[in-house]
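Chemist: Here is a sequence with its predicted model. Questions after.
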Amino acid sequence: MAMTRQHDPSNIPAAEQAAVPSAEFTCQLLDLSVSFGDRDVLENIDLAIGPADRIAVLGDNGSGKSTLLRVLSGTLAPDRGERRATVPGAIAYAAQNPQLPGTASIAEVIDSYHHRLRQLEELIGAIGARLAQAEDAEAERLLAQLQLVTDLYEAADGYSVGPRLDSSLQQLGLGGIPRGTPVGTLSGGQRSRLALACVLSSGAQLLLLDEPTNDLDDTALHWLETTLRRHRGALVLVSHDRVFLERFARRIILVENRGLTAYGDGYRGFLRAKAAERAAAIAAFDSWRDELERSETLVAKNAARVAAIPRKQDKAGFGHGSFRLRSRDHGSTSRIRQAKSRIEELESNPAPRPAEQLEFRMPHGGDTPEEPRQPLLHSTGAARRGVPRLVLGEMTLAAGDRWLVGGPNGAGKTTLLKVLAGELPVERGLVSRREGLRIGWLRQELGKLPGETVIEAFAAALGIYQDEAVSRIFTLGLFAPRDLFVHPRALSAGQRRRLELAIAVSREADLLLLDEPTNHLSPDLVEQLEDAVADYPGAVVTVTHDRRWREKQGVHRGVRFLEVKQGRVRFDR
């Protein structure tokens, strides 16, 4: 991390040249590629950002979203292509996991993020000092330079940066930490919020924000949204928060398969476009399949007709009878030849098979619980004294129930799910479960996956042969074919989450336990997952901080809200 540079007042012209860029806003990526080792992350991409753009970057974890922001910020040089950036009001980048020197103090980190404002302040002072001793001709030149520098400083609200910074730190829960504290003593979440506070108070014209809503409570989230509404420049953000995306994104950039795809009309426009793409893919596949079946039927029908014609038959009359009979197959043979050629063409250029819609299934293939409202499990004064402790008390989960679980981090929400599933014992009371109860898990903590490839891990989890596993996982569309034979340890967090999801939707279950189900998934896949849960007739217990998920699931008839606080579970209503 670069610390603040001190300028020599005797070298004002060089400093001024560095601090006063062209008035034209330019931020472009041209035919740009980035690789890490033998892995291509971005390939031949183009992107242009305008001075008032509001862009959200979407994609699975590991797809290259953060890499794109690093390239835009200038902190990562591309392997090929060109970055053109002339931003008069500066670029400020808040990384999701900022790499800050552990020995640096909070004050030094703040200065490193605000170095441009410090630079402008020094220039204003240095030019003013020179101006006091300048002759008329030089004074006129210095006045013009002072005006340029002052305009830049005022455009960044430099005079109010101190109060803005204080407010930012206070709102993000860092106001009480002394500025001399080494950043190495801060938690990961605190370091991210420190970077966010510095960037939002910097007055920069182009803000690059990587998952800014992570680790924020409702108060801090409200403050963040209010602050961004006041921002007059450009904004490029990476976020999985769909409410946040709806409010701030005017354009969507999807990072997928090393490339970028642009969508207009905000997040809702993106969802409509993705739905239209899916509908078009289904129509194209159905048309391809229908034509293939027609061609195959045509071959079979005409082959049967040809087979029914006698090869030779005696007939009086100039010896031409057998020739005329054989000639009757000429039209059929031609049609067979044409149909076989068409079959070969279709099979050589198949339409991609659309992914199946995600669907959670009940045991026995039923669409409704076998015995509606039948108790699935019941807690009778159950409690455990472990860390974190958990007191369930009296509660019953019935078939078809919906529970939404909230509470602060570390309160015991994941522990609750593990107790419900029988993975953690209770030390007092009893948790009884219906005999034969099948439970489907989507865990927050991604556990160790068996096998040497994705296919082996998927097959082992479901207890099926690998040939069957290939066809099952391929139809879900959660993995590109090239990724099915990657070692599970080489998967990104988003890919591991997709594998867990593939396993969960491929098992039959009476009860779904979903622990932060939106983590590491792209927003459009979360939308599919939401629909699958809404259509599932079994019981669902969900732990989530996702605002849109809670909003959508909260309208489900009979949903119950649970809060886990200080180890005690209670129903809100």
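Modeler: Structure received.
Chemist: what's the distance between Val405 and Gly412?
Modeler: According to C-beta to C-beta, to the nearest Å, Val405 stands 10 Å off from Gly412. In short, each C-beta sits where N, CA and C put it, glycine included.
Chemist: Show me the common contact partners of these two, please.
Modeler: Common contacts of Val405 and Gly412, defined by C-beta atoms under 8 Å, 6 or more residues apart in numbering, comprise Val564.
Chemist: check contacts around Gly184.
Modeler: Neighbours of Gly184 in contact, by C-beta under 8 Å, 6+ apart: 101-103.
Chemist: what's the answer for Arg385, then?
Modeler: Contact partners of Arg385, counting by C-beta under 8 Å, 6+ apart, are Glu427.
Chemist: going forward can the numbers begin at 40, since that is how I track them
Modeler: Taking 40 as the first residue, the last one we looked at is Arg424.
Chemist: per-residue confidence for it?
Modeler: Arg424 carries a pLDDT score of 84 in this model.
Chemist: I'd guessed Ile503 sits against Arg511; true?
Modeler: Yes: using C-beta atoms under 8 Å, Ile503 is in contact with Arg511, at 7.4 Å.
Chemist: Which one's more surrounded, these two?
Modeler: Between Ile503 and Arg511, counted using other C-beta atoms under 10 Å, the more crowded position is Arg511 (18 against 13).
Chemist: would you put the C-alpha positions of the helix or strand that contains the more buried one in PDB?
Modeler: Secondary structure from DSSP states H and E places Arg511 in helix 505-515. Once non-C-alpha atoms are left out, helix 505-515 reads as follows in PDB (Å, rounded to 0.1, in the frame of the first residue of the first chain):
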ATOM      1  CA  GLN A 505     -20.300 -42.100 -12.100                       C
ATOM      2  CA  ASP A 506     -22.000 -42.600 -15.500                       C
ATOM      3  CA  GLU A 507     -25.300 -41.700 -13.900                       C
ATOM      4  CA  ALA A 508     -23.700 -38.800 -12.000                       C
ATOM      5  CA  VAL A 509     -22.400 -37.200 -15.300                       C
ATOM      6  CA  SER A 510     -25.900 -37.200 -16.800                       C
ATOM      7  CA  ARG A 511     -27.600 -35.900 -13.700                       C
ATOM      8  CA  ILE A 512     -25.200 -33.000 -12.900                       C
ATOM      9  CA  PHE A 513     -24.900 -32.000 -16.600                       C
ATOM     10  CA  THR A 514     -28.600 -31.400 -16.900                       C
ATOM     11  CA  LEU A 515     -28.600 -29.000 -13.900                       C
END
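Chemist: Please point out which parts of that helix sit buried.
Modeler: Neighbour-count burial for helix 505-515, counted by 16 or more other C-beta atoms under 10 Å, picks out 508-509, 511-513, 515.
Chemist: immediately after that helix, which helix or strand?
Modeler: helix 532-544.
Chemist: Name the residues that touch that next one?
Modeler: Contacts for helix 532-544 (C-beta under 8 Å, 6+ apart): 99-102, 397-400, 479-482, 485, 488, 493, 496-497, 500-501, 512, 515, 517-518, 522, 525, 527, 530, 551, 558-561, 564, 568, 571.
Chemist: Type out the ChimeraX command that picks the buried ones from those.
Modeler: The ChimeraX selection below is limited to those of the contacts of helix 532-544 classed as buried (16+ other C-beta under 10 Å):
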select :99,100,101,102,397,399,400,479,480,481,482,488,493,496,497,500,501,512,515,517,518,522,525,527,530,551,558,559,560,561,564,568,571
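Chemist: Helices along the stretch 340-489 of the chain, start to end?
Modeler: 360-366, 369-387, 452-460 (DSSP state H, counting those that start in this stretch).
Chemist: Arg268: which of these is closest?
Modeler: Shortest distance between Arg268 and the helices of the stretch 340-489 of the chain, using C-beta to C-beta, is found for helix 452-460: 31.7 Å.
Chemist: pLDDT on the closest one, on average?
Modeler: 91.
Chemist: quick revisit: can you list contacts of the helix holding Arg511?
Modeler: 392, 394-395, 397, 493-495, 497-498, 501, 503, 518, 520, 523, 541, 544-545.
Chemist: Could you do stretch 138-147 as well?
Modeler: So stretch 138-147 is contacted by 40, 42, 148, 151, 213, 216-223, 230, 233-234 (C-beta under 8 Å, 6+ apart).
Chemist: same question for the helix holding Arg511, mean pLDDT?
Modeler: 88.
Chemist: Same check on stretch 305-319?
Modeler: The model assigns stretch 305-319 a mean pLDDT of 92.
Chemist: quick one on the thing from earlier: any chance of the buried residues of helix 505-515 in TSV, plus distance to Leu267?
Modeler: As requested, the buried residues of helix 505-515 are exported to TSV (distance: C-beta to C-beta, whole Å):
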residue	distance to Leu267
Ala508	45
Val509	45
Arg511	43
Ile512	39
Phe513	41
Leu515	36
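Chemist: What is the nearest of those residues to Ala91?
Modeler: Nearest to Ala91 among the buried residues of helix 505-515, with distances taken as C-beta to C-beta, is Leu515, at 40.0 Å.
Chemist: Which residue comes closest to the closest one once chain neighbours are left out?
Modeler: Nearest residue to Leu515, sequence neighbours excluded (C-beta to C-beta, 6 or more residues apart in numbering): Ala541, at 5.4 Å.
Chemist: same thing with Glu121?
Modeler: Here the residue nearest Glu121, using C-beta to C-beta, 6+ apart, is Leu69, at 4.5 Å.
Chemist: give me the element Leu553 is part of.
Modeler: Secondary structure (DSSP H and E) places Leu553 in strand 550-554.
Chemist: Please identify the pairing partners of that strand and their relative orientation?
Modeler: strand 478-481 (parallel), strand 578-582 (parallel) (DSSP bridges).
Chemist: how far out from the middle of the chain is the shortest one?
Modeler: On the basis of C-alpha atoms, centre = their mean, to the nearest Å, the separation between the geometric centre of strand 478-481 and that of its chain is 22 Å.
Chemist: Can I get it as PDB, trimmed to CA atoms?
Modeler: Output in PDB follows, covering the C-alpha atoms of strand 478-481 (Å, rounded to 0.1, in the frame of the first residue of the first chain):
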ATOM      1  CA  ILE A 478     -33.100 -34.000   5.600                       C
ATOM      2  CA  GLY A 479     -31.500 -32.000   2.800                       C
ATOM      3  CA  TRP A 480     -28.600 -29.600   3.800                       C
ATOM      4  CA  LEU A 481     -27.200 -26.600   2.100                       C
END
